[in-house]
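Chemist: this one's sequence-less:
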Ligand SMILES: [Mg+2]
């Protein structure tokens with residue numbers, strides 16, 4: 001403590017503002033709480049790795065202070081190669097030498113510097129920077145990021161994982177195994193006999209494949225909806241009644257079919273029906289709302305505030321399901337949370353396998369710090385992912401716990417990451433398409449949204 005502050009404190013004692021004991025403790029408190037001087041961005045690197053086949057992109061920001069760095073998730077797995085130059089060729093020269101402690105300011109500067117904005121490639125590049133800056137601030141403060149956001153409002157995040165099968169009996173077995181592990185929320189999907197499906201592969205060998213006017217698999221919305229309704233009926237008959245069921249339509253049906261489907265599933269009391277409509281059809285949510293009380297989740301494909309603001313402010317959805325890196329990281333996701341809280345819309349952040357553990361840590365951090373948390377999607381981290389990302393947040397009895405180490409609490413083993421370049425363990429279409437997805441067609445050959 002300098003002389004001026006000491007005199008000030010002595011005057012405070014005299015004035016009765018602090019006790020002598022509090023005054024005596026000031027040097028120790030100053031030492032314990034003194035932050036490092038503002039670090040500057042010295043280097044930005046991109047770690048591109050595919051330890052479990054899916055392409056993960058992580059941004060590493062290195063500061064001018066020895067040993068102080070941070071990691072952020074920039075994973076857009078279907079176009080992963082494009083995020084790398086967005087960071088290296090544009091954000092890196094823009095940010096070198098800038099302070100690391102002005103996170104929102106940096107976000108606004110990056111966001112506006114491309115003039116045209118809000119695409120998934122650029123948003124993920126900004127997310128990599130944004131989350132890395134939060135990681136650095138946490139490491140500086142020696143606190144997990146959830147502490148920087150005001151601390152926990154709950155102990156851990158209730159989460160759901162995926163039960164699926166080629167037949168209904170297989171999905172039920174899969175759900176029972178998940179429930180036995182302690183989960184209270186289960187997403188259920190089943191294949192449609194003879195057809196292409198989503199989230200459950202193809203049905204058993206006994207079912208003949210429906211032939212279309214093309215060589216690929218066929219998806220048709222009517223048989224899909226029929227199979228899904230049979231699945232929900234079986235789940236409600238066979239699974240414990242207090243288990244919450246979730247289901248993902250993956251925007252594969254026509255809008256008016258989605259309206260009818262939401263009415264048909266109301267009797268099965270889903271915790272939520274996900275992506276019943278595509279982002280292009282969000283005006284139809286008004287019809288779903290008027291005609292059913294099915295709980296609706298939406299948003300994993302959103303990149304732009306024009307997509308989520310009307311759905312939240314008009315109370316047309318129950319769960320906002322954004323993928324934080326797709327909108328630019330933790331900084332904008334916190335703002336979406338606050339907007340949603342004002343309208344009593346809860347969160348269900350997107351948590352697929354094609355998300356790095358840094359992105360998962362960001363999700364769990366939001367989950368435990370926002371009052372309007374709903375549920376968290378959980379995809380397990382395969383062993384090779386845990387080899388690369390050390391300190392992944394842990395699920396216990398269906399609750400996801402944030403890591404208590406500083407920042408995100410995750411260290412990236414960069415030597416291990418280098419063992420799994422893009423293309424490692426990739427199969428089928430994804431291998432041929434550089435990690436991209438292929439196509440889904442109707443019987444007559446028309447492309448559908450997937
Ligand atoms: Mg989904």
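Modeler: Ah, there it is. Here the structure is a predicted model, which is why all the values come from computation and not from measurement. Numbering: from 1, shown residues only.
Chemist: for the stretch 351-450 of the chain, just list every one of the strands.
Modeler: 376-377, 389-390, 394-396, 399-401, 411-412 (DSSP state E, counting those that start in this stretch).
Chemist: ok now the longest helix anywhere in the chain, how far from the chain's centre?
Modeler: Ranked by residue count and defined by DSSP state H, the top helix of the chain is helix 120-141. Centre-to-centre, helix 120-141 and its host chain are 14 Å apart (CA atoms, centre = their mean, to the nearest Å).
Chemist: what's the answer for stretch 96-114, then?
Modeler: So, by CA atoms, centre = their mean, the centroid of stretch 96-114 is 22 Å from its chain's centroid.
Chemist: so what touches that stretch?
Modeler: The contact list for stretch 96-114 (CB atoms under 8 Å, 6 or more residues apart in numbering) reads 38-44, 61, 63, 70, 90-91, 94-95, 117, 122, 125-126, 129-130, 133-134, 136-137, 140, 328-329, 331-332. Glycine gets a C-beta too; all of them are placed from N, C-alpha and C.
Chemist: also stretch 229-236?
Modeler: Among residues not part of stretch 229-236, those counted as contacts by CB under 8 Å, 6+ apart are 168, 171-172, 175, 188-190, 245, 247, 264-265, 268-270.
Chemist: please redo it, this time with the cut-off set to 7 Å
Modeler: 168, 171, 172, 175, 188, 190, 245, 264, 265, 268 (CB atoms under 7 Å, 6 or more residues apart in numbering).
Chemist: please identify the buried residues of it?
Modeler: With burial defined by 16 or more other CB atoms under 10 Å, the residues of stretch 229-236 counted as buried are 231, 232, 234, 235.
Chemist: nearest to residue 305 among those residues?
Modeler: Minimum distance to residue 305 across the buried residues of stretch 229-236 is 33.6 Å, recorded for residue 232 (CB to CB).
Chemist: hang on, the earlier thing: pick the most deeply packed of the strands of the stretch 351-450 of the chain.
Modeler: Sort the strands of the stretch 351-450 of the chain by mean neighbour count, taking mean count of other CB atoms under 10 Å, and strand 376-377 sits at the top with a mean of 26.
Chemist: what packs against that one?
Modeler: Counting contacts by 3 or more CB pairs under 7 Å, 6 or more residues apart in numbering; DSSP states H and E, strand 376-377 is packed against strand 157-165, helix 357-369.
Chemist: angle of the following helix or strand past the shortest one against strand 157-165?
Modeler: If I follow you right, that is strand 157-165. Using DSSP states H and E, the helix or strand that follows strand 157-165 in sequence is helix 168-180. With axes from the mean of the first three to the mean of the last three CA atoms, to 10 degrees defining the directions, helix 168-180 sits at 160 degrees from strand 157-165.
Chemist: what is the mean pLDDT for helix 168-180?
Modeler: Average pLDDT, helix 168-180: 98.
Chemist: circling back: report the buried members of the contacts of stretch 96-114.
Modeler: Judged by 16+ other CB under 10 Å, buried ones among the contacts of stretch 96-114: 39, 41, 44, 61, 63, 70, 91, 94-95, 122, 125-126, 129-130, 133-134, 136-137, 140, 328-329, 331-332.
Chemist: quick check on residue 26: phi, psi?
Modeler: Phi and psi for residue 26, reported as degrees, to the nearest 10, are phi -60, psi -40.
Chemist: what distance do you get for it to residue 19?
Modeler: For residue 26, the distance to residue 19 (CB to CB, to the nearest Å) stands at 11 Å.
Chemist: for these two, indicate the residue with more neighbours.
Modeler: residue 26 (14 against 11; other CB atoms under 10 Å).
Chemist: distance-wise, check the more buried one relative to residue 327.
Modeler: Taking CB to CB, one finds residue 26 at 43 Å from residue 327.
Chemist: what residues are up against the nearest residue to residue 255 once chain neighbours are set aside?
Modeler: Distances taken as CB to CB, 6 or more residues apart in numbering put residue 284 closest to residue 255, at 4.2 Å, once the chain neighbours are dropped. Residue 284 makes contacts with 255, 258, 259, 277, as judged by CB under 7 Å, 6+ apart.
Chemist: one more: residue 59?
Modeler: Contacts of residue 59 (CB under 7 Å, 6+ apart): 44, 46, 72, 74, 87, 128, 129, 132.
Chemist: surely the third one touches residue 127?
Modeler: Yes: applying CB atoms under 7 Å as the test, residue 72 and residue 127 come out as touching, 6.2 Å apart.
Chemist: which of those two has more neighbours?
Modeler: Remark: of residue 72 and residue 127, residue 127 carries more neighbours, 35 against 32, as counted by other CB under 10 Å.
Chemist: who's in contact with that one?
Modeler: 72, 73, 74, 324, 325, 328, 329.
Chemist: at 10 Å instead, please
Modeler: 57, 59, 72-76, 83, 107, 110, 120, 323-333, 358-359, 362 (CB atoms under 10 Å, 6 or more residues apart in numbering).
Chemist: what do you get for residue 77?
Modeler: Residue 77 makes contact with 50, 53-57, 83, 124, 352-356, 422, 430, 435-437 under the criterion CB under 10 Å, 6+ apart.
Chemist: you'd agree residue 62 is in a strand?
Modeler: Yes: under DSSP: H, G, I helix; E, B strand; the rest coil, residue 62 sits within a strand.
Chemist: over to the closest residue to it other than its chain neighbours. Which of the three states is it?
Modeler: Once flanking residues are discounted, residue 62 sits nearest to residue 43: 4.2 Å by CB to CB, 6+ apart. Per three-state DSSP, the local secondary structure of residue 43 is strand.
Chemist: what residues are up against residue 43?
Modeler: 60, 61, 62, 63, 64, 69, 92, 96.
Chemist: most neighbours among those, which one?
Modeler: Neighbours here mean other CB under 10 Å. Within those, the largest count is held by residue 61, at 26 neighbours.
Chemist: now do the residue nearest to it when sequence neighbours are not counted: how many residues are near it, please.
Modeler: Excluding the flanking residues, the one nearest residue 61 by CB to CB, 6+ apart is residue 132, at 4.1 Å. Neighbour count for residue 132, taken as other CB under 10 Å: 30.
Chemist: distance of residue 132 relative to residue 40?
Modeler: Residue 132 is 14 Å from residue 40, by CB to CB.
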